[in-house]
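In: one predicted model, sequence on top.
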Amino acid sequence: MAEEKNKEDLSKENNDKSDDKKTETKKEITPEEKIVELEDKLTRSFAELENQRRRFDKEKDEAFDYGGMVFAKDALNLLDNLERSKQSIDSDQNLDENSKKKIMGHIEIILNDTLTIFKKNNIVPVVSINEKLDPNKHQAMMEIEDDSKEPGIIVQEIQKGFMLKDRLLRPSLVGVSKKTQKTVKKEQKK
């Protein structure tokens with residue numbers, strides 16, 4: 001056992017000596033090498049700072065451009081409610097025509113003013129009717145059989161979609177054309 005302890009002590013001493021040699025080689029760096037090393041670190045630090053500044057500038061610009069997205073999404077409900085009011089008043093049979101015209105005129109003014117404010121703030125409606133279905137802007141809610149249109153063409157808009165600059169605020173909910181099924185004709189022949 002005494003021999004094993006001696007061997008362990010010798011190996012520890014050898015390890016300590018090799019560690020001392022490593023630190024000695026590190027200490028032997030010339031001043032020129034140290035200057036080059038520090039210049040490299042300084043250059044990397046400046047590059048990192050510049051990259052960070054660019055990231056912050058980009059984030060600041062995006063926050064300025066798109067910071068009102070939540071408000072804009074909520075404001076779209078106002079437009080939806082105005083459209084529903086127009087439809088409700090138009091179909092109300094208890095109102096006389098003169099009253100309907102006055103109320104519809106007022107709602108139309110409010111609706112147009114709201115759309116103008118949206119347009120000034122780069123919020124524009126998504127074009128849908130007679131366009132090809134674009135999953136980035138439209139959400140198909142139903143298929144409508146229509147042989148006069150190519151399949152995948154939007155024939156009905158259920159809810160208007162809007163864009164804020166180049167970002168989608170809300171997709172348009174649409175009905176898309178499809179060819180009539182020929183299985184119905186086969187059943188009639190039988």
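Out: That came in fine, so what should we check first?

In: need the strands for this protein, in chain order.
Out: 123-125, 138-145, 154-159, 162-164, 167-170, 172-178 (DSSP state E).

In: now those strands in a markdown table, with mean pLDDT?
Out: Shown next, in a markdown table, are the strands of the chain (pLDDT from 0 to 100):
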| stretch | mean pLDDT |
| --- | --- |
| strand 123-125 | 92 |
| strand 138-145 | 91 |
| strand 154-159 | 92 |
| strand 162-164 | 92 |
| strand 167-170 | 91 |
| strand 172-178 | 92 |
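
In: as TSV, these with mean neighbour count would be great.
Out: In this view, the C-beta of every residue, glycine as well, is placed from N, C-alpha and C. Listed next are the strands of the chain as TSV, based on neighbours: other C-beta atoms under 10 Å:
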stretch	mean neighbour count
strand 123-125	17
strand 138-145	15
strand 154-159	17
strand 162-164	19
strand 167-170	17
strand 172-178	21
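
In: which one of these lies closest to Lys41?
Out: Lys41 lies closest to strand 167-170 among those, at 40.2 Å (C-beta to C-beta).

In: so Ile136 touches Leu168, yeah?
Out: Wrong residue type there; residue 136 is Asn, not Ile. Yes: between Asn136 and Leu168 there is a contact under C-beta atoms under 8 Å: 6.8 Å.
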